[in-house]
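Student: the following comprises the amino acid sequence and a computationally predicted model.
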Amino acid sequence: MRIAKPNTCFWQGSKACAEGAITAGCRFFAGYPITPASEIAEHMARRLPQVGGIAIQMEDEMASIGAIIGASWAGTKAMTATSGPGFSLMQEFIGYAFMTETPCVIVNAQRAGPSTGQATKCGQGDVMQSRWGTHGDYSAIVLSPNSVQEMFTLTVRAFNLAEKYRTPVILLSDETITHMREQITVPSVNNVEIVNRRKPRRGEKAFFGLEEIPPMPAVGEGFNVAVTGSTHDEYGIRFTADPLVHIKLVKRLNSKIRNNSNEISDFEEYNIEDCQIGVISYGCTSRAIYEAVEKAESKGVKTGYIRLKTIWPFPGNVVRKMVENANKIIVPELNLGQIRYEVEKASNGLAKVIPLNKIGGGELITPEELLATILKEAKTND
Amino acid sequence: MLNRIEVRISGLGGQGVVLAGQILGKAAVYAGKNVVQTQSYGAEARGSAARSEVIISDGKIGFPIVRKCDILIAMSQEAVEKNVGDLKEGGLLLIDSTTIKSAPEIGGRTFQIPATKTSEKVFKEKLYTNIIMLGALIKITKIVDGKFVEKAIRSTLSEKVATINIKAYRKGTKLV
Amino acid sequence: MTENFSIRKYLRDLKLPFCPGCGIPTIMNTFLRAVHELGYENLNNFVFCSGIGCSSWIPSPYFNADSIHTPHGRSIPVATGIKLLHPKLNVVVFGGDGDIVGIGMSHFIHAARRNLDILVIMVNNMVYGMTGGQVAPTTPFKTKTATTPYGSFEQPLDATRLAVAAGACYSARWTTAHSNDLKESIKKAIQTKGFRFIEVVSQCPTAYGRRAGFKNIAEMLKWFKENSVPIHQAEKTSEKELEKRIIIGEFVERRRPTIGETIHAMIKEVQMNAEQN
């Protein structure tokens, strides 16, 4: 009843996410009920006490993310899970976690918005919000699972990146991937790479910047750490007007992610160096690409794909590699077009970007619809 | 046995269509298959249209949603009317004959299972309709070995509830 | 013991930012004096959480201690995460009336309801001071503020009674004109278990006093003194007579199981059962 045993299981995405978190060392969860993320909270509520951890339902989403930030400063790995409306409420604290370099994991199981939208139906409308949702200059790390297996492995990775870079990490899932059940190979905990934040040595005092990623003490350890969301120097002392302190802090916070984007970035690629038509996809929508690409190839269309496992930082490099050959890139999304702009930017006019969008009712873009678009685009030369 | 089989279980929220799909899926995983199970329901906890889908395959499963199903289980009049169009030609239709009064004419085989009636008669409540339907399905199609279904029931439900559900499952296998 | 009191050992070597005549330094001093009198040589056993507003700057970063300066109104959720994981640390929240019972009201009520074992000290200056003197949930009826130029048309909130209703184990109200009572109250609150709340009515000469019609700080403090009614006396006084008065004293003292005690007992039980299975 401790860490999940290695085995082949049939789990819901939400359970894989919760078990992945526990395997990564998460021992504190705070959340607020919301479809389609509630099962993650329910699972954590049952499982965390068994491993000596705490799961609590807070009064709202702001309190939930606030509590996990407190937990993180108490030295414990912590997570919250929500969907669009709750994710909107969490934005202020996401900026705070970024500014204070607080490792934590926020799961957003996307549903159809805006507002309450279609609460039980799948959507991918929060892609840009996950990058630009809070105010000010910041950089986000956002992961995108497309299977129950990845709900486990990418949750572990989300914790590892959060701990390594001392920053909040968003696991941007969706209703389909969170709610579906699928077989999953649960790894032995000894075979899972687990990263823990670097702790300061006795006498160290700079927890906010002498190095790119500074060490992080916990409260109660005698370091007298001063944490603030206001602009601060290396020692956490507030400077509310000094431009140099602000520039130094905000530039470092952004560059520690941007400078490491190659290491953070992760994707699955197929045939990108020899394709006429490229497909770039992520999350639930990417489940249609395998069948569509296979069928397109059997009809003689050279097709390749990039399936994003990290959406942000966006892996522009691999898109640039794809457009050396592909003259068209199709971007299917369950929204009215979000990542397509990022693809357009990266392809820099070398390929025509064709958005394939669908919203409402939670209906996914089917392999047939994607195939039809591939075949149509392969035939037309414009 | 087919290389890939797609099942849709449809009914109303509260009838346990998700649980039935979950148990079928888990049983197929125990049998060594690749499985994806998805569900779709309204915002209301009870009474709105609900469906659960299971794809069982020897190969990798990409797209997780059933577009055309090989097997349709329907547990309400609305469910059969709404979903029968998605049944493949020559597909198999299982309907709960207690709740569905007029079964549509289809090209393939149709089985009428008095599931709700049996549940009420044997267990004094209609709670076990879903598992009775599942029992009938397994008996007719043998898509997975019954022992895996019983194992899946045991590993999904608490001991007491599992015992009754296994009884319901076995009852279902005897209705066809 | 009081002879040896030196505030400096508890503070970082930084210049305080508060306006001349502000009540905050009095409260800061009183709090640290209480800590000193309880025998704490340093603040290592304390963690301070605060939100946004002048009084949230009391601990952050001036106290030589762990301090977490959170977004506006969100100090209590952050304190919740810390306290549940570190039951032995004294977690103290400082905040203003806008922070604690304006934007952060819901967290305040829920922390009291859960009986989270923390001490919340709310500095009530009856106004949003840092932003320039806008009406607060605590502004007295008809008082002129920057956003109620014709006088406030809302009734103020009684946060101390709200804490009692929500389940606090200790709830008290004082003013900056009652620093000795306040000090004793803080000492008692630090030693009490459960959700503890102390409201300190404080003067803000810059953003409140001027518009509300006070000529100087002495006038405000005099007003605090003359308008304060001890709770035992207030209980015998009519509601009409208590209008615009400040009821001071200890409103509740009780013992209830804290959320931390309950959670940690539950975890122990769950783990024992899990091991047996």
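Tutor: Cool, the structure landed.
Student: which stretches in the stretch 1-150 of chain A count as strands?
Tutor: A:7-12, A:26-31, A:54-57, A:77-82, A:104-112, A:118-122, A:141-143 (DSSP state E, counting those that start in this stretch).
Student: now do the contacts for residue B:22.
Tutor: For residue B:22, the contact set (CB atoms under 8 Å, 6 or more residues apart in numbering or on different chains) comprises A:10, A:181, B:37, B:52, B:156. Backbone N, C-alpha and C define where each C-beta goes, glycine included.
Student: give me the phi and psi angles of it.
Tutor: Backbone torsions for residue B:22, taken as degrees, to the nearest 10, come to phi -60, psi -40.
Student: so what's the closest residue to chain B within chain A closest to, chain neighbours aside?
Tutor: Chain B sits closest to residue A:290 of chain A, with a gap of 3.7 Å, by CB to the nearest CB. Closest residue to residue A:290 in three dimensions, ignoring its sequence neighbours and counting by CB to CB, 6 or more residues apart in numbering or on different chains: residue B:62, at 3.7 Å.
Student: helix/strand/coil for that neighbour?
Tutor: State at residue B:62, reduced to three classes by DSSP: H, G, I helix; E, B strand; the rest coil: coil.
Student: for it, grab the count of nearby residues.
Tutor: A total of 19 residues lie near residue B:62 under the criterion other CB atoms under 10 Å in any protein chain shown.
Student: pretty sure it sits against residue A:287.
Tutor: Yes - under the criterion of CB atoms under 8 Å, residue B:62 makes contact with residue A:287 at 5.4 Å.
Student: returning to that earlier point: with respect to chain C, which of the strands of the stretch 1-150 of chain A lies nearest?
Tutor: With CB to the nearest CB as the criterion, chain C lies closest to strand A:54-57 of the strands of the stretch 1-150 of chain A, at 5.4 Å.
Student: tell me the contacts of residue A:268?
Tutor: The contact partners of residue A:268, by CB under 8 Å, 6+ apart, come to A:305-307, A:309.
Student: type out the PyMOL command that picks the buried ones from the residues you listed.
Tutor: The following PyMOL command selects only the buried members of the contacts of residue A:268, with burial defined by 16 or more other CB atoms under 10 Å in any protein chain shown:
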select buried, chain A and resi 305+306+307+309
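Student: ok, which stretches of the stretch 1-150 of chain C are strands?
Tutor: Listed from the start of the chain, the stretch 1-150 of chain C has strands (DSSP E, counting those that start in this stretch) covering C:46-50, C:66-69, C:90-96, C:119-124, C:127-128, C:134-135.
Student: now those as TSV including distance to residue C:216?
Tutor: Compiled in TSV, the strands of the stretch 1-150 of chain C are given as follows (distance: least, CB to CB, whole Å):
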stretch	distance to residue C:216
strand C:46-50	28
strand C:66-69	31
strand C:90-96	22
strand C:119-124	20
strand C:127-128	17
strand C:134-135	22
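Student: shouldn't residue B:73 be within a helix?
Tutor: No - when three-state DSSP is applied, residue B:73 is found to be strand, with no helix at that position.
Student: show the model's pLDDT score for it.
Tutor: Predicted confidence (pLDDT) at residue B:73: the value is 97.
Student: stretch C:193-202: end-to-end distance?
Tutor: Using CA to CA, to the nearest Å, one end of stretch C:193-202 lies 26 Å from the other.
Student: identify each buried residue in that stretch, please.
Tutor: Applying 16+ other CB under 10 Å to stretch C:193-202 flags C:194-202 as buried.
Student: now for the residue of the stretch 1-150 of chain C found nearest chain B: which residues touch it?
Tutor: Relative to chain B, the nearest point of the stretch 1-150 of chain C is residue C:106 (24.8 Å; CB to the nearest CB). By CB under 8 Å, 6+ apart, the contact list for residue C:106 reads A:59-60, A:63.
Student: state the pLDDT value of it.
Tutor: Confidence at residue C:106, expressed as pLDDT, is 98.
Student: who wins on neighbours among the contacts of residue C:106?
Tutor: Most surrounded of those: other CB under 10 Å gives residue A:63, at 30 neighbours.
Student: excluding chain neighbours, give the residue nearest to it in space.
Tutor: residue C:77 (4.0 Å).
Student: quick check, that neighbour in contact with residue A:66.
Tutor: Yes - counting by CB under 8 Å, a contact exists between residue C:77 and residue A:66, whose distance comes to 2.9 Å.
Student: quickly list what's touching both of the two.
Tutor: In contact with both residue C:77 and residue A:66: A:58, C:70, C:107, using CB under 8 Å, 6+ apart.
Student: out of those residues, who's the most crowded?
Tutor: Among the shared contacts of residue C:77 and residue A:66, residue C:70 has more neighbours than the rest - 31 neighbours, counting by other CB under 10 Å.
Student: leaving out chain neighbours, which residue sits closest to that one?
Tutor: Residue nearest to residue C:70 in three dimensions, not counting chain neighbours: residue C:78, with 4.9 Å by CB to CB, 6+ apart.
Student: give me the pLDDT value at residue C:211.
Tutor: 86.
Student: what's the separation between it and residue C:143?
Tutor: When distance is defined by CB to CB, to the nearest Å, residue C:211 is 8 Å away from residue C:143.
Student: pick out whichever of the two has more residues nearby.
Tutor: Counted by other CB under 10 Å, residue C:211 and residue C:143 do not tie: residue C:143 has more neighbours, with 19 against 15.
Student: which residues touch the more buried one?
Tutor: Residue C:143 makes contacts with C:126, C:135, C:151-152, C:211-212, as judged by CB under 8 Å, 6+ apart.
Student: and with 10 Å instead?
Tutor: Going by CB atoms under 10 Å, 6 or more residues apart in numbering or on different chains, residue C:143 touches C:126-127, C:135-136, C:151-152, C:156, C:208, C:211-213, C:244.
Student: now do it, the pLDDT please.
Tutor: For residue C:143, the pLDDT comes out at 95.
Student: same check, this time on residue A:90
Tutor: Among the per-residue scores, residue A:90 holds a pLDDT of 98.
Student: check residue C:256 too.
Tutor: 97.
Student: pretty sure it belongs to a helix, no?
Tutor: No - looking at residue C:256 with three-state DSSP, it is coil, so not inside a helix.
Student: what about it, how many neighbours?
Tutor: Neighbouring residues of residue C:256 were enumerated by other CB under 10 Å; the total is 13.
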